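> No sequence on hand, only this structure:
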DNA sequence: TCTTAATGATAGTATTACTACCACAAATAA
DNA sequence: TTATTTGTGGTAGTAATACTATCATTAAGA
């Protein structure tokens, strides 16, 4: 049995649903490749179209601009990750074990998921690390937020926040701690690989050390209450 | 007595030192205003020149491109903040009190410093929150790092890391905790004001609550040892 | 006074970020 | 079956962006 995993996407993100056509799927696939390889700034719809073997106008029929394309693929990742978390923590009763699993999922190199044929999650993970915050660090956050573009991130944050509350019902900052885990898993990874003087993981560059740091940070915070 | 505070800047950041001329100082002042008002993406040297009452070519004589201008003003801020920290924690012997002071300085709205006439630190603080990570989240990090562009940030991180070690000599992640404090002070602020569902501070939007969160996070982590 | 440095003014180029229009093929509906 | 919609390719065009280059003028320093 081959099951195709479908993530429900916000329809305001695109002009035409890229999951439904060949060109659309190519746009997603190749934009992930190009952004992870050359960075978001250097992506243009012209280059993307050439990479695909289509035309600029063709890409514009799917996405209004590259910001929305970025928000799309990042939203997709958060949706996918929330699914991964619910799947991989299923049947775990101990919330502490659950939370450790979440930290592991956030801070470990992602492997390509065979259930999503047109998305390479390991590249996407690199994009989240290097470009993730650019989705919201804009002057249009408010407008984008009204369109619910950040719902997948908020949902993930709520899921993790609830696990934190299961561990420690009296802990006062479950959501902020959740975003701290998420953001720090990525920022420490970026720093470790690019500006190691900003971390304590410079020698080995092992993401397992980031996981140890996050575990220490999180569990010393919530264990007290 | 009027003392002018001078921050020593990396010379590779500019083509001509903006601190030494009237136009140069205007470029810094107006770019801070424009970026904080309209965001870094929408800044162009043409708009900046018009705002100043000069020409595009004039701005290009000082900065090669807007990325370097951003790195310049952000570096300036880190240098200024490190000075603030050393000044304001001077004579404090208890490292815990010191660290609390640092958290306060990082997470509080900055007031304009009268010792720096051409820089408005409160606007700069907003830029750090919304645009700060864009200085390093690029494909040129490695190259920029070779030019030592991130030294002010690293120095600040080292200073805070050392205070952490004073509090708890056996703590294993002083630098990563330092960057966590710095980054989270800003990210939580951004989320509180723009995406409050990602925080626990949505109702009052008080930065004092961010400070409480950070204090809780930091001191429960380091107190154990 | 001679020279250099800083600025202003203008022009020009390649690229980016789009919008618009037309033609064609395949799938779908009448 | 024909008619129509849908997806795509191709081409053009425009305004803005991100620069580079040149020349004249003024102010400051030697």
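Yep, it's here. Being a predicted model, the structure only gives us computed values, none of them experimental.

> Just give the closest residue to residue A:168, not the sequence neighbours.
residue A:222 (3.9 Å; C-beta to C-beta, 6 or more residues apart in numbering or on different chains). For the C-beta atoms, the positions are set from N, CA and C on the backbone; glycine is no exception.

> how much space between residue A:154 and DNA strand C?
Relative to DNA strand C, residue A:154 is positioned 26 Å away (C-beta to the nearest atom of the strand, to the nearest Å).

> Residue A:61 too?
Counting by C-beta to the nearest atom of the strand, the gap from residue A:61 to DNA strand C is 8 Å.

> That residue: neighbouring residues, count only.
Residues lying near residue A:61 (other C-beta atoms under 10 Å in any protein chain shown) number 17.

> Could you find the closest non-adjacent residue to it?
Leaving aside its sequence neighbours, residue A:61 sits nearest to residue A:16 (C-beta to C-beta, 6+ apart; 5.7 Å).

> May I have the phi/psi pair for that neighbour?
Residue A:16 adopts backbone torsions of phi -140, psi 130, taken as degrees, to the nearest 10.

> The residue nearest to residue A:168 contacts residue A:169, correct?
No - Residue A:222 lies out of contact with residue A:169 (C-beta atoms under 8 Å); the separation is 9.9 Å.

> Give the residue from those two that has the larger number of neighbours.
Set residue A:222 next to residue A:169 and count neighbours by other C-beta under 10 Å: residue A:222 wins out with 23 against 10.

> Okay, and that one sits in which element?
Per DSSP states H and E, residue A:222 falls inside helix A:207-223.

> which residues of chain A score low on pLDDT?
Scanning chain A for pLDDT under 70 picks out the ranges A:1-3, A:224-225.

> Can you name the residue of it nearest DNA strand C?
Closest residue of chain A to DNA strand C, C-beta to the nearest atom of the strand: residue A:65 (3.1 Å).

> quick one: that residue and residue A:140, what's the gap?
Distance of residue A:65 to residue A:140, computed by C-beta to C-beta, to the nearest Å: 11 Å.

> who has more neighbours, these two?
Neighbour tally, residue A:65 and residue A:140, criterion other C-beta under 10 Å: the higher count belongs to residue A:140, 15 against 9.

> Quick one: neighbours of residue A:37, just the number.
A count of nearby residues for residue A:37, using other C-beta under 10 Å, gives 12.

> actually residue A:19, not the one I typed
There are 14 residues near residue A:19, going by other C-beta under 10 Å.

> Do I have it right that it meets residue A:9?
Yes - under the criterion of C-beta under 8 Å, residue A:19 makes contact with residue A:9 at 7.5 Å.

> Indicate whether stretch A:88-101 makes contact with chain B.
No - against chain B, stretch A:88-101 shows no contacts by C-beta under 8 Å from any C-beta of the partner chain, the least distance being 15.3 Å.

> Distance from the chain centre to that stretch, please.
20 Å (C-alpha atoms, centre = their mean, to the nearest Å).

> show me where chain A has helices.
For chain A, helices defined by DSSP state H occupy the ranges A:22-38, A:45-52, A:56-60, A:66-88, A:95-107, A:121-131, A:141-146, A:151-167, A:174-194, A:207-223.

> Can you redo the ones you listed as CSV, where the extra columns are distance to residue B:179?
Shown next, in CSV, are these (distance: least, C-beta to C-beta, whole Å):
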stretch, distance to residue B:179
helix A:22-38, 23
helix A:45-52, 33
helix A:56-60, 37
helix A:66-88, 22
helix A:95-107, 15
helix A:121-131, 14
helix A:141-146, 23
helix A:151-167, 21
helix A:174-194, 6
helix A:207-223, 11
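
> closest to residue B:195 out of those?
Across these, residue B:195 has its closest neighbour in helix A:141-146 (6.1 Å, C-beta to C-beta).

> on that earlier part again, run through who's touching the helix holding residue A:222.
A:96, A:99-100, A:103-104, A:106-109, A:164, A:167-168, A:171, A:177, A:180-181, A:184-185, A:188-189, A:192, A:200-201, B:172-173, B:176-177, B:180, B:216-217, B:220-221, B:223-224 (C-beta atoms under 8 Å, 6 or more residues apart in numbering or on different chains).

> tally of neighbours for residue A:14?
The burial count assigned to residue A:14 is 19, neighbours taken as other C-beta under 10 Å.

> which non-adjacent residue is nearest residue A:130?
Residue A:130 sits nearest to residue B:137 (C-beta to C-beta, 6+ apart), 5.8 Å away.

> which residues does that neighbour contact?
By C-beta under 8 Å, 6+ apart, residue B:137 lies in contact with A:130, A:131, A:133, A:134, A:190.

> From residue A:190, how far off is the first one?
Residue A:130 is 6 Å from residue A:190, where distance means C-beta to C-beta.

> For the two, work out which one has more neighbours and name it.
Between residue A:130 and residue A:190, counted using other C-beta under 10 Å, residue A:130 has the larger neighbour count: 23 against 19.

> Contact partners for the more buried one?
By C-beta under 8 Å, 6+ apart, the contact list for residue A:130 reads A:36, A:39, A:40, A:190, B:137.

> Return the residues in contact with the first one.
If you count contacts by C-beta under 8 Å, 6+ apart, residue A:36 has them with A:123, A:124, A:126, A:127, A:130.

> Try it again at 10 Å.
Residues near residue A:36 by C-beta atoms under 10 Å, 6 or more residues apart in numbering or on different chains: A:120, A:122, A:123, A:124, A:125, A:126, A:127, A:128, A:129, A:130, A:131.

> Would you list the buried entries among those?
For those, a burial check counting by 16 or more other C-beta atoms under 10 Å in any protein chain shown picks out A:120, A:123, A:124, A:125, A:126, A:127, A:128, A:129, A:130, A:131.

> Which of those residues sits closest to chain B?
Nearest to chain B, judged by C-beta to the nearest C-beta, of those is residue A:130 at 5.8 Å.

> Could you check how far the closest one is from residue B:133?
10 Å.

> distance between the ends of stretch A:159-175?
9 Å (C-alpha to C-alpha, to the nearest Å).

> likewise stretch A:33-48?
10 Å.

> how about that stretch: buried residues?
For stretch A:33-48, by 16+ other C-beta under 10 Å, it's A:34, A:35, A:36, A:39, A:40, A:41, A:43, A:45, A:47, A:48.
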